[in-house]
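A.B. asks: next one to model:
(chains A, B and C, ligands or ions: 2)
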Amino acid sequence: MAVLAAPGAVPIRRLSSQSRVEAFTGQMFALPALLLIVGLLLVPILVVAVLGFSDYQLGAIEWSWIGLGNYERMLDDPVFWRSIGNTFLYVAVVVPGSVLSALVVAILVNDRKHFKSVYQIIYFLPVTTTLIAMSVVWHFVLNPQLGPIAGLLRALGLPPVDLFGDLDLVLIALSLIGIWQLVGFNMVLFLAGLTAIPRDLYDAAAIDGADHPWDRFARVTWPMLGPTTVFVVVTTTITAFRVFDTVAVITRGGPIGRSEVMLYAIYLEGFQYFEIGYASALTIVFLVVVVALAVLQAFFLDRKVHY
Amino acid sequence: MSALATRPSPGLFARLGLMRPDLAIRAALAHLVLIVGALFVLLPFVWMLLTSIRKPEAVFTAGFNPIPDEFHGVENYSHALSQSPLLQFMGNGVIVCAAILALQLIFALPAAYALAKLNFRARPLVFALVLLGLTVPQQVTALPIYMGLAGIGMLDTYFALMLPFSLSVFAIFLFRQFFKSFPDEIIQAARLDGFTEFEILIRIMVPSARPAIAAFAVFSITSHWNDLYWPLVVTTSPEHATPPLGMMIFRDQETGSNYGALMAGATIITAPLVIAFLIAQRQFVRGITMTGVK
Amino acid sequence: MASLSIDRVTKTFGHQAVLKDVSLDVRDGEFLTLVGASGCGKSTVLRVIAGLEPQDSGSILIGGGSVDHLRPKQRNVAMVFQSYALYPHMTVADNIAMPLVMQRLRLAERLPLLGRLSPRRGRVMAGVRGEVEAVARQLQIDQLLARKPAQLSGGQRQRVALGRAMVRHPQMFLMDEPLSNLDAKLRVHMRAELTELHRRLGSTFIYVTHDQVEAMTMSDRVALMDEGRIVQLGTPNDLYHDPLDLRVARFIGSPGVNVLPGRVSASGAVEVSGVTLPVEIEAEEGTSVAVGLRPETLSLDAHAGHPRLAARLHSVENLGAEVFLRLILEAGPSEPVILRTALESYERSRHHGSLDGVIQVSLDARRATIFDAEGRRIARRPVEAAVVRLSVSAE
Ligand SMILES: Nc1ncnc2c1ncn2[C@@H]1O[C@H](COP(=O)(O)OP(=O)(O)O)[C@@H](O)[C@H]1O
Ligand SMILES: [Mg+2]
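C.D. replies: Residues are numbered from 1 along each chain as shown, chains lettered A, B, ... in the order given. Ligands and ions are numbered 1, 2, ... in the order given. Predicted structure coming up:
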């Protein structure tokens, strides 16, 4: 009866039932992921934030809320300041080092007719390799007695340098490995940016008189790479902030704390000394830095993309 | 116009199969710079391989004599394999990486489809959480998850190694972007043909996303094969050690004595990914730099 | 202002020969169009002229002198690109100023910050700004000078690209499909504007397009290219009425030329679709030929001495003032031929019912063009000779 009375209602009913099906399946499909996001991401972050106000130690029977106590402790903790300082120093060397060298390599590789893909493979190789294993290798390569660098120095009649044992050079040495690992990654991003620059622009520049390599770079390449560069700088910064592997394998923070970095400090406090409360507070500081960088990136990318 | 007589035309160089001299010099300089850089990049690889076939005694004089006179590879590699359960570490790596990837796909693909193509009330909220999750490094949540695992006595298990990575917000985000550009008409047509939403996901969306899945697989496998932080935190025994952790264990056993075997071990552990990369360069580059598409 | 000679230029990319022995002379102040299907090598010709791409052999002469050894900026030519190639990060003013800045500032003065130390720089830049404003006024974009290209419409970007070309007063303008990114209406408008600009500047324009209408409406002369060769160079009229190659006949004109298969008879006349055309050509008896008939050479009205073809109406395209009829010839290929007629003539025929059933279409054989199997035009016998022979046989 109803079917006869209102044929026009059929599609509407179908539609609304479709949207109900959609809403239901949508929720069902998203639910497992949502639960995991809550369980593995939101709750842990909350727990970290809350624990940061406690003096909890793993397995401790007695503990108490100490408000900002952990953060006050940080202010007086030389290890904290060292790790912050070292991390920033590491970032300050690795970011410009790996971004600029990747830019140079990408531009040079991009213009080559021969061996282009050979260079790309070589420079990308470190990105795919297990950094731990390669850290062990680097440790050996830079060994002041046994490594090839030492051999080279000896052949030149120079004294051996113990990079990882030197108070001033240890971070530089770690940065060098960081740059070695990141150059290929950044090069690929820059190459993608370079291929997106229209050839017409270089042709127009050549006719306008901008055919000196410097002018081509300053008038076309560099401005056109703006968004790519911002992206590369931010991702490299975030990666560099998370430096851990090389420190854990090669220096363990030494010599005398000269290579302590933020993640390594968190690792030691949390998982070696089981100072959960303090480690949580350190983690929050680390999180704030990384999120601030991500926000900065979103802000810059938004502005830079539309010239 | 006086230059006319002295400067040969570009046509002449082209006919002789030569570049203009200034361009040729520029290209030579570029190659020079690139080769010097490539030597720096390759240095540890070359030294690793050379040392891995060197006699232990020769290691101490290698600085003078980089190319080994005597092939000692068999001894070094067999020493590395017998001295320490390297193959077991790699087996663990395979199990953990495969399981993580499977879990990530199982959870992310339906969620991504829902976020891209299905209308439901919580969609904006879920998507906002995904975006938020993208900015949080894994190390931030390590502490509470570690405590939780300790609480239920599951530390030092495969389960512990996989748990924090079973959900990848990055995978959700990536597949959602991919599905978003999939034409609605095809989905509508499938619905009219009587497909359920689950069938649409399995039979239409997932096959269409194969390139994205392949790229993500490379990304996921390389990051978890190479990850040190989390295995270091939750693993205490060699039975469950993944390759990076195994490398550390191996190194600590071998302190200072047998560099040949140590380098052989490093070679064995890095080999699978390097070989995979050399075979499928394009997919590797795309997969690993995929964070670049964000 | 200058003339241009392209002298036997060849160019290959890898194994693909893109330019095969291209020669072309362009007169001082001429508007010459290179037209041809896309991929035939037009852009490559422009790029070789500009020096962006070295030729493999042959030579480019501007104003009589070889420029083969000169770099693009030294050739004093300006180029307008299909994509406009504006610098997206620079304002309109900076875009237009670019060639002058590059010419007049030394490398050191162009460096960021450091360059500002030069006392000369301020003076030079003031002069540049004045010239940029003058050009912008000419193109009526002076109110847009502070904007970036992304904030402009397609037509405005086009003008900025023209401004950047004009500001340096080049010897020659090279334009590579400059209108093809504009919408249809603006394209027609800019056609007129470009010809006006050419008239006003009096410079040599070399204009590339794949659109034969642009070629026909704008140019003094047109060079038609196909597969890396120039097939014919001539005025638009030459190309339309006197094509030397079937490819030219086919490419020029819209709707296209009708091509019918024919055969040379004993007397040198051409038989096509059951009729004999009263022409005599220089070809052996029995040769297969292609007969090109422009749509306006066919007519619904009978004319004395015009052979008539039997046809049936297939479809009608009424454009208002004129009408295109598609007809299937009774004795001919199965594709329709196109006849162009004035509206009155069409209405008259329709009124008389003469479009029903078999239609008699008359054909103006004097305007037919005849091509051999390779598509080369076959010359008619000189008229005098034919007349002489006629008079001889009359005796
Ligand atoms: N830089 C290049 N490398 C290789 N092939 C090219 C290059 N430039 C043009 N070509 C080829 O040359 C042919 C002619 O190109 P082009 O001159 O751009 O044609 P048009 O402008 O007439 O469309 C095309 O087949 C094109 O693929
Ligand atoms: Mg072109």
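A.B. asks: check for me that residue C:20 belongs to a helix.
C.D. replies: No. Assigned with DSSP: H, G, I helix; E, B strand; the rest coil, residue C:20 falls outside any helix and is strand.
A.B. asks: roughly how far does it sit from chain A?
C.D. replies: Look at residue C:20 and chain A: by C-beta to the nearest C-beta, to the nearest Å, they are 23 Å apart. C-betas here are computed from N, CA, C, even on glycine.
A.B. asks: got the phi/psi numbers for the nearest residue to that residue once chain neighbours are set aside?
C.D. replies: Using C-beta to C-beta, 6 or more residues apart in numbering or on different chains and skipping the chain neighbours, the partner closest in space to residue C:20 is residue C:228 (4.3 Å). Dihedral pair for residue C:228: phi 80, psi 10, per degrees, to the nearest 10.
A.B. asks: ok, now residue C:270?
C.D. replies: phi -120, psi 130.
A.B. asks: list the contacts of it.
C.D. replies: C:262, C:263, C:264, C:276, C:277, C:279, C:281, C:289, C:291, C:368, C:370 (C-beta atoms under 8 Å, 6 or more residues apart in numbering or on different chains).
A.B. asks: dump the residues you listed into CSV; add pLDDT and neighbour count as well.
C.D. replies: Supplementary listing: the contacts of residue C:270 in CSV, determined by pLDDT from 0 to 100; neighbours: other C-beta atoms under 10 Å in any protein chain shown:
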residue, pLDDT, neighbour count
C:262, 89, 23
C:263, 89, 15
C:264, 89, 22
C:276, 85, 14
C:277, 85, 23
C:279, 82, 17
C:281, 84, 19
C:289, 91, 20
C:291, 92, 23
C:368, 90, 20
C:370, 91, 24
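A.B. asks: thinking again about what came up before, just to check, the residue nearest to residue C:20 is in contact with residue C:13?
C.D. replies: No. Using C-beta atoms under 8 Å, residue C:228 makes no contact with residue C:13, being 10.8 Å away.
A.B. asks: which one of the two has more residues nearby?
C.D. replies: residue C:228 (22 against 11; other C-beta atoms under 10 Å in any protein chain shown).
A.B. asks: in the stretch 151-294 of chain B, which residue sits nearest ligand 1?
C.D. replies: residue B:282 (21.5 Å; C-beta to the nearest ligand atom).
A.B. asks: same question but for chain A, I mixed them up
C.D. replies: Counting by C-beta to the nearest ligand atom, chain A gets nearest to ligand 1 through residue A:199 (8.1 Å).
A.B. asks: mind listing what that residue touches?
C.D. replies: Residue A:199 touches nothing, counting by C-beta under 8 Å, 6+ apart.
A.B. asks: tell me how far it lies from residue C:52.
C.D. replies: 9 Å (C-beta to C-beta, to the nearest Å).
A.B. asks: what do you get for residue B:265?
C.D. replies: From residue B:265 to residue C:52 the distance is 55 Å (C-beta to C-beta).
A.B. asks: so those two - more neighbours on which side?
C.D. replies: Using other C-beta under 10 Å, the more surrounded residue of residue B:265 and residue C:52 is residue B:265, with 31 against 23.
A.B. asks: so which bits of stretch C:291-307 are buried?
C.D. replies: When neighbours are counted by 16 or more other C-beta atoms under 10 Å in any protein chain shown, the buried residues of stretch C:291-307 are found to be C:291, C:292, C:293, C:294, C:295, C:297, C:298, C:299, C:300, C:306, C:307.
A.B. asks: so the last one makes contact with residue C:274?
C.D. replies: What that stands for is residue C:307. No. Contact criterion C-beta under 8 Å: residue C:307 and residue C:274 do not qualify, at 9.4 Å.
A.B. asks: domain map for chain B?
C.D. replies: As given by automatic domain parsing, the domain ranges for chain B are B:12-78, B:84-254.
A.B. asks: not counting its neighbours along the chain, what's nearest residue A:161?
C.D. replies: Among residues not flanking residue A:161 along the chain, residue A:144 sits closest, at 6.3 Å (C-beta to C-beta, 6+ apart).
A.B. asks: the one you found should be in a helix, yeah?
C.D. replies: No. Residue A:144 is assigned coil when assessed by three-state DSSP, not a helix.
A.B. asks: ok, it touching residue A:165?
C.D. replies: Yes. At 7.4 Å, residue A:144 and residue A:165 qualify as touching, with contact defined as C-beta under 8 Å.
A.B. asks: any weak-confidence spans in the chain?
C.D. replies: Went with chain A since none was named. Residue ranges of chain A with pLDDT under 70: A:1-16, A:301-307.
A.B. asks: switch to chain B, that's the one I care about
C.D. replies: Checking chain B against pLDDT under 70 turns up B:1-20, B:60-66, B:254-257, B:290-294.
A.B. asks: centroid residue for it?
C.D. replies: In chain B, the residue lying closest to the centroid (C-alpha atoms, centre = their mean) is residue B:222, at 2.3 Å.
A.B. asks: what secondary structure does that one sit in?
C.D. replies: Per three-state DSSP, residue B:222 ends up helix.
A.B. asks: for it, give me its contacts.
C.D. replies: For residue B:222, the contact set (C-beta under 8 Å, 6+ apart) comprises A:128, B:273, B:284, B:287, B:288.
A.B. asks: am I right that the third one is in a helix?
C.D. replies: Yes. For residue B:284, which was evaluated using three-state DSSP, the result is membership in a helix.
A.B. asks: look up how far residue B:268 lies from it.
C.D. replies: According to C-beta to C-beta, residue B:284 and residue B:268 sit 20 Å apart.
A.B. asks: give the buried residues for the helix or strand that contains residue B:105.
C.D. replies: Element membership for residue B:105, per DSSP states H and E: helix B:86-117. Neighbour-count burial for helix B:86-117, with 16+ other C-beta under 10 Å as criterion, is recorded at B:86, B:89-90, B:92-93, B:96-97, B:99-101, B:103-105, B:107-117.
A.B. asks: in the stretch 51-200 of chain C, which spans are helices?
C.D. replies: C:92-104, C:119-138, C:154-166, C:184-201 (DSSP state H, counting those that start in this stretch).
A.B. asks: contact partners of the third one?
C.D. replies: What that stands for is helix C:154-166. In contact with helix C:154-166 (C-beta under 8 Å, 6+ apart) are residues A:204, A:208, C:78-81, C:84-86, C:92, C:95-96, C:98-99, C:132, C:135-136, C:138-141, C:144, C:149, C:152, C:173, C:178-179, C:181-183, C:186, C:190, C:197, C:201.
A.B. asks: report how many residues lie close to residue C:246.
C.D. replies: Counted by other C-beta under 10 Å, the residues lying close to residue C:246 total 22.
A.B. asks: with adjacent residues omitted, what lies nearest to it?
C.D. replies: The shortest distance from residue C:246 to any non-neighbouring residue, by C-beta to C-beta, 6+ apart, is to residue C:375 (3.6 Å).
A.B. asks: chain center to the helix holding residue B:105: distance?
C.D. replies: 14 Å (C-alpha atoms, centre = their mean, to the nearest Å).
A.B. asks: ok, now stretch A:103-112?
C.D. replies: Worked out by C-alpha atoms, centre = their mean, stretch A:103-112 lies 23 Å from the chain centre.
A.B. asks: list, one by one, the residues from the stretch 1-150 of chain C near chain B.
C.D. replies: C:54, C:55, C:56, C:57, C:58, C:59, C:65, C:66, C:68, C:69 (C-beta under 8 Å from any C-beta of the partner chain).
A.B. asks: out of these, what pair is the most spread apart?
C.D. replies: C:56 and C:65 (20.8 Å; C-beta to C-beta).
A.B. asks: between the two, which one's more packed in?
C.D. replies: Neighbour totals were compared for residue C:56 and residue C:65, and residue C:56 leads with 18 against 13 (other C-beta under 10 Å).
A.B. asks: so that one sits right up against residue C:11, yeah?
C.D. replies: Yes. Here residue C:56 reaches residue C:11: they are 5.4 Å apart, a contact under C-beta under 8 Å.
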